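In: I'd like to go over a predicted model; first the sequence, then the structure.
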Number of protein chains: 2
Amino acid sequence: MLLCDIGNTSYHFLDGEKDYKKDVKSFDASCMKETIYYISVNSEVNATLKTLPNWINLSAFIDKEQYYETMGIDRVVAVEALSNSVIVDAGSAITVDIVREGLFEGGFIYPGVDAMQKTYLNISPALHYSFNFDLDLDIMPKNSQDAISYGFLKTLYSEVMSHKLSVVLTGGNANELHKIFKDAIIDERLIFNGMKKIIKKAKLC
Amino acid sequence: MLLCDIGNTSYHFLDGEKDYKKDVKSFDASCMKETIYYISVNSEVNATLKTLPNWINLSAFIDKEQYYETMGIDRVVAVEALSNSVIVDAGSAITVDIVREGLFEGGFIYPGVDAMQKTYLNISPALHYSFNFDLDLDIMPKNSQDAISYGFLKTLYSEVMSHKLSVVLTGGNANELHKIFKDAIIDERLIFNGMKKIIKKAKLC
């Protein structure tokens, strides 16, 4: 079974246990002849894949009633993968979604690591520091680097932990955030697991 | 007694009960002949005022031991004004400082309203919404505008409230944040009150 999670920059394939990426700009989807189950947040790619019958868009097989229209399909599929969790997907944005007893409660969007770094720099060159992910969240900062690190990380941490659910980290900055969310589980294949669950539920193969 | 709080864009005067602002670019500080007690985060202005003997920099009269070197003097003076509070100064950055039993515990820096609005827009045009300050913080969002509003505001709220102290709001966006921090006190003259306290303590007049 070949799965593909398509973002703004790459096709991310999972073929059995092996995963690999192809650049959105250079990859020719029509060269693939086998059946591929995919999700995509990329509207341009979506338009192309609609014309290729061996590319099956899993979005059509999800009961969308509990979600909202502008919610990214990657978030929806991550929620479908789990039953009782706070899902923290740390990419260009950090999306935080709550699923409790199998029901989606809602979610929020926080800026990603790189975006927030730029934000502080744009406010003032005096705030141009890398984030300190080894920060002790129990101590109020008394230096500038920790003051912005705490501002970015502790606020997110306090809110996420207030839901009293296990935390699942995914996305490109999951490892960095793991230093803050020490008890969290990292699941780099969360989206693929959600896709498999949808395929099974819809009896697609 | 004439007080002046100098920022990056303006001189903010308090003359008795009347306050007014002068533009940093066009105002000639040497035209003032009376004694003026001031603080300034503007290093250029600081250099000029050093040469004018009637401008008294209050920074010299503060015991700085409990603060840190790169901490803005406006934050220090706000902390000096209070004994048991979380001080939320909402400007281009939102600084949050904790003072408990008269002692400064530390503080953090969070992006201001305008900075955060730009951050979301830069992540994706799909996140280009104004913040909804009438958001119900007890409900997890199920639409994009609330998802970014919650991301910006609830995370800050959760962290600020965790300190279990009364919240004092000041700065240009204090009124907007008051919609979220409903029980907070707005004190637009916090800096001036801190300055008066320092003058009194140092027996300057």
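Out: Nice, I can see it.
In: most distant residue from the centre of chain A?
Out: Most distant from the centre of chain A: A:K142, at 32.6 Å, with distances by C-alpha atoms, centre = their mean.
In: how far away is that residue from A:Y157?
Out: 19 Å (C-beta to C-beta, to the nearest Å). C-beta coordinates here come from the backbone N, C-alpha and C atoms, glycine included.
In: ok, now A:F131?
Out: Going from A:F131 to A:Y157 by C-beta to C-beta gives 13 Å.
In: do the same with A:L103
Out: As defined by C-beta to C-beta, A:L103 lies at a distance of 24 Å from A:Y157.
In: looking at those two, which has the bigger crowd around it?
Out: Between A:L103 and A:Y157, counted using other C-beta atoms under 10 Å in any protein chain shown, the more crowded position is A:Y157 (21 against 11).
In: the more buried one belongs to a helix, doesn't it?
Out: Yes: A:Y157 forms part of a helix when assessed by DSSP: H, G, I helix; E, B strand; the rest coil.
In: need the pLDDT of it.
Out: For A:Y157, the pLDDT comes out at 97.
In: same thing with A:Y120?
Out: So, for A:Y120, pLDDT stands at 97.
In: and it, what is it in contact with?
Out: When contacts are counted by C-beta atoms under 8 Å, 6 or more residues apart in numbering or on different chains, A:Y120 touches A:127-129, A:148, A:152, B:93, B:109, B:111.
In: try 7 Å
Out: Neighbouring residues of A:Y120 by C-beta atoms under 7 Å, 6 or more residues apart in numbering or on different chains: A:127, A:148, B:111.
In: where do the strands sit along chain A?
Out: A:2-6, A:10-15, A:18-23, A:36-40, A:55-57, A:85-90, A:93-100, A:103-111, A:167-170, A:185-186 (DSSP state E).
In: and these, which is most packed in?
Out: The highest average neighbour count among the strands of chain A, using mean count of other C-beta atoms under 10 Å in any protein chain shown, belongs to strand A:85-90 at a mean of 25.
In: now that one: how far from the chain's centre is it?
Out: Distance of strand A:85-90 from the chain centroid (C-alpha atoms, centre = their mean, to the nearest Å) equals 7 Å.
In: tell me the mean pLDDT over that strand?
Out: Here the average pLDDT along strand A:85-90 is 97.
In: tell me the strands beside it, with direction?
Out: Next to strand A:85-90 in the sheet, as set by DSSP bridges, lie strand A:93-100 (antiparallel), strand A:167-170 (parallel).
In: quick one: contacts for the residue nearest the centre of chain A?
Out: Centroid-nearest residue in chain A, with C-alpha atoms, centre = their mean: A:D89, separated by 3.3 Å. Listed by C-beta under 7 Å, 6+ apart, the contact set of A:D89 reads A:75, A:78, A:95, A:170-171.
In: quick one on the thing from earlier: will you turn the strands paired with strand A:85-90 into JSON lines that also has mean pLDDT and distance to A:C4?
Out: Formatted as JSON lines, these follow (pLDDT from 0 to 100; distance: least, C-beta to C-beta, whole Å):
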{"stretch": "strand A:93-100", "mean pLDDT": "97", "distance to A:C4": "20"}
{"stretch": "strand A:167-170", "mean pLDDT": "98", "distance to A:C4": "17"}
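In: got the ones you listed as CSV, with distance to A:L137 columns?
Out: Formatted as CSV, these follow (distance: least, C-beta to C-beta, whole Å):
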stretch, distance to A:L137
strand A:93-100, 16
strand A:167-170, 14
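In: B:R189: which of these is closest?
Out: B:R189 sits nearest to strand A:93-100 of all these, at 37.0 Å, using C-beta to C-beta.
In: I'd assumed B:Y68 was in contact with the residue farthest from the centre of chain A.
Out: Yes: counting by C-beta atoms under 7 Å, A:K142 touches B:Y68, with 4.7 Å between them.
In: which parts of chain A sit against chain B?
Out: Taking C-beta under 7 Å from any C-beta of the partner chain as the criterion, chain A approaches chain B at residues A:68, A:70, A:92-93, A:98, A:105-112, A:115-116, A:119-120, A:122-123, A:126-127, A:139-144, A:147-148, A:150-151, A:154-156, A:158-159, A:162.
In: buried subset of those residues as a PyMOL selection?
Out: To isolate the buried subset of the residues of chain A next to chain B in PyMOL, counting by 16 or more other C-beta atoms under 10 Å in any protein chain shown, use the following:
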select buried, chain A and resi 68+92+93+98+105+106+107+108+109+110+111+112+115+116+119+120+122+123+127+140+141+142+144+147+148+150+151+154+155+156+158+159
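In: pretty sure A:V76 is touching A:F61, no?
Out: No: assessed by C-beta under 7 Å, A:V76 is found out of contact with A:F61, at 11.3 Å.
In: dump the residue contacts of the residue nearest to A:V77 when sequence neighbours are not counted.
Out: Once flanking residues are discounted, A:V77 sits nearest to A:G194: 3.8 Å by C-beta to C-beta, 6 or more residues apart in numbering or on different chains. Contacts here follow C-beta under 7 Å, 6+ apart; on that basis A:G194 touches A:77-78, A:80-81.
In: just the closest of those to B:D5, please.
Out: A:A78 (47.6 Å).
In: give me the number of residues near the closest one?
Out: Neighbour count of A:A78, defined by other C-beta under 10 Å: 27.
In: how about A:N84?
Out: Neighbours of A:N84 (other C-beta under 10 Å): 12.
In: from B:G151, how far out is it?
Out: Distance, A:N84 to B:G151, by C-beta to C-beta: 22 Å.
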